[in-house]
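[1] Sharing a model prediction with you, sequence too.
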Amino acid sequence: MADHTLEARDVRLGYGEREIVPGLSVAVPPGRITVIVGPNACGKSTLLRAMARLLAPSAGAVLLNGRSIQEMPTKDVAAVLGILPQSPTAPEGITVSDLVGRGRYPHQGWFRRWSAEDDEAVARALLSTDVLELADRSVDELSGGQRQRVWIAMALAQETDLLLLDEPTTYLDIAHQVEVLDLVRQLASPADDGTRGRTVVTVLHDLNQAARYADRLVAMKEGRIVAEGRPGDVVTAELVAEVFGLEAVIVPDPVTGSPLVVPSAPWTPSPAGSPSQKGL
C-alpha cells in the first residue's frame, strides 16, 4: 500500500445556513483504523462526508496527499479513496454483481476494458462480505442487512488504500456486525510480507465496538473534537459522562483487554419471578 495522507485542516462544515462543525483539524494515521464516535447530531458523519469529498467545507480544506480534495479530479480521488455513505441508493433492478462491479470504475480508462483482474476483485469482495450466493439477485429484493453487506462489497472492490465507512454496521445483526468489523480489522492489518494495511476511517455508534476495533479514537461533541488517541487513553468514565451524558464504569474487555463501557445508573433489577425473569 502507498503512503497516502488524509487530513482535515481548520474545516468549517454545515448545510445551508446551519453550521455543524465550527472549525476543527484532524489527521488520519496511515495503515490504521480511526473510529469517530459521539452522540447523535454531533457532526461525526458530516466530518466523514467532507473527508470523502461529498461535502465542501465553508472554510479550511480537506487535504489528500497534500492537495485540496475538492480541487482534484473525481477519478483521481476514487482511485485512492473508497467511501460507503449512509443510506446509499442503487439503480432500480441492478443485480448484486453489477453493483459491486461499479466499484471497479476508477480502474477503468479510455483504453482499458473489463479484465480478469476486475472479475477477481469483485469475487473477492463478494466472498469477503458473505454475499457471493446473492450475486445474481436484484438488490431491490434484498433485506436491509444484505444490502448493507453488498454496499460494503462495492467499496472493497475499489481496492483503494483509503477506505471511509459511515456506520457500516447499520441494519446488520450482531453476528454480521462482528464479521464486518473483523473484516475491517483484517484490511488494516499488515500483510505477511510486512506491507502496510489499508487506512480506514469509520463512524460507529457503538462505543464498545469502537474501542475494540479502533487503533485511534476521535470523540466528538457539538461539532468539536473532545479527545483523540488510543482507546485505552480516550475511553474513561469522565469522557463518557462528558460526551454521552452517561454515568458508567470502564472495565477491561475479557477477550481483547480494550475498554468496555458498563452503564452504572440508573438501573433497577427486576423482582424475581417478574415477566422479564421468567424463562431465563
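    Thanks, I have the structure now. Quantities reported herein were computed from a predicted structural model and do not represent experimental measurements.

[2] Tell me which stretches of the protein form strands.
    In the chain, the strands defined using DSSP state E lie at 6-15, 18-28, 33-37, 59-64, 67-68, 81-84, 162-166, 199-203, 216-221, 224-229, 248-252, 259-263.

[3] closest one to Ala125 among the ones you listed?
    strand 81-84 (10.6 Å; Cβ to Cβ). To be clear about C-beta, it is placed using only N, CA and C from the backbone, and glycine gets the same treatment.

[4] what packs against that closest one?
    Here strand 81-84 touches helix 144-157, strand 162-166, going by 3 or more Cβ pairs under 8 Å, 6 or more residues apart in numbering; DSSP states H and E.

[5] For it, which strands pair with it and how are they oriented?
    Next to strand 81-84 in the sheet, as set by DSSP bridges, lie strand 162-166 (parallel).

[6] roughly how far is the strand it pairs with from the heart of the chain?
    Averaging C-alpha positions (Cα atoms, centre = their mean, to the nearest Å) puts strand 162-166 5 Å from its chain's average.

[7] Make 652 the first number, not 1, from now on.
    With the count now opening at 652, the last piece we talked about shows up as strand 813-817.

[8] ok, and what's touching that strand?
    655, 657, 679, 696, 699-700, 702-703, 715, 731-737, 803, 806-807, 835, 838, 849-854 (Cβ atoms under 8 Å, 6 or more residues apart in numbering).

[9] beta partners of the residue nearest to Leu890 when sequence neighbours are not counted?
    Nearest residue to Leu890 in three dimensions, chain neighbours excluded: Ala878, at 5.7 Å (Cβ to Cβ, 6 or more residues apart in numbering). As for beta bridges, Ala878 partners with Ala870 under DSSP bridges.

[10] Now for Ala878: which residues touch it?
    Per Cβ under 8 Å, 6+ apart, neighbours of Ala878: 868-870, 885, 890.

[11] can you give me the helices for the stretch 752-901 of the chain?
    All helices of the stretch 752-901 of the chain, identified by DSSP state H, counting those that start in this stretch, fall at 767-779, 795-808, 825-839, 858-864, 882-885, 888-895.

[12] could you dump those helices to CSV with mean neighbour count and distance to Ile745?
    Putting the helices of the stretch 752-901 of the chain into CSV (neighbours: other Cβ atoms under 10 Å; distance: least, Cβ to Cβ, whole Å) gives the following:
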stretch, mean neighbour count, distance to Ile745
helix 767-779, 17, 14
helix 795-808, 23, 10
helix 825-839, 16, 22
helix 858-864, 22, 30
helix 882-885, 18, 38
helix 888-895, 17, 39
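
[13] for those helices, which one sits closest to Gly908?
    Going by Cβ to Cβ, the one of the helices of the stretch 752-901 of the chain nearest Gly908 is helix 882-885, 8.4 Å.

[14] could you dump the closest one to CSV, C-alpha only?
    Extracted in CSV, the C-alpha atoms of helix 882-885 (Å, rounded to 0.1, in the frame of the first residue of the first chain):
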residue,chain,number,x,y,z
PRO,A,882,-8.9,3.7,23.0
GLY,A,883,-7.2,2.9,26.3
ASP,A,884,-6.3,6.5,26.8
VAL,A,885,-9.6,8.1,25.5
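
[15] That helix packs against which elements?
    helix 858-864, strand 867-872.
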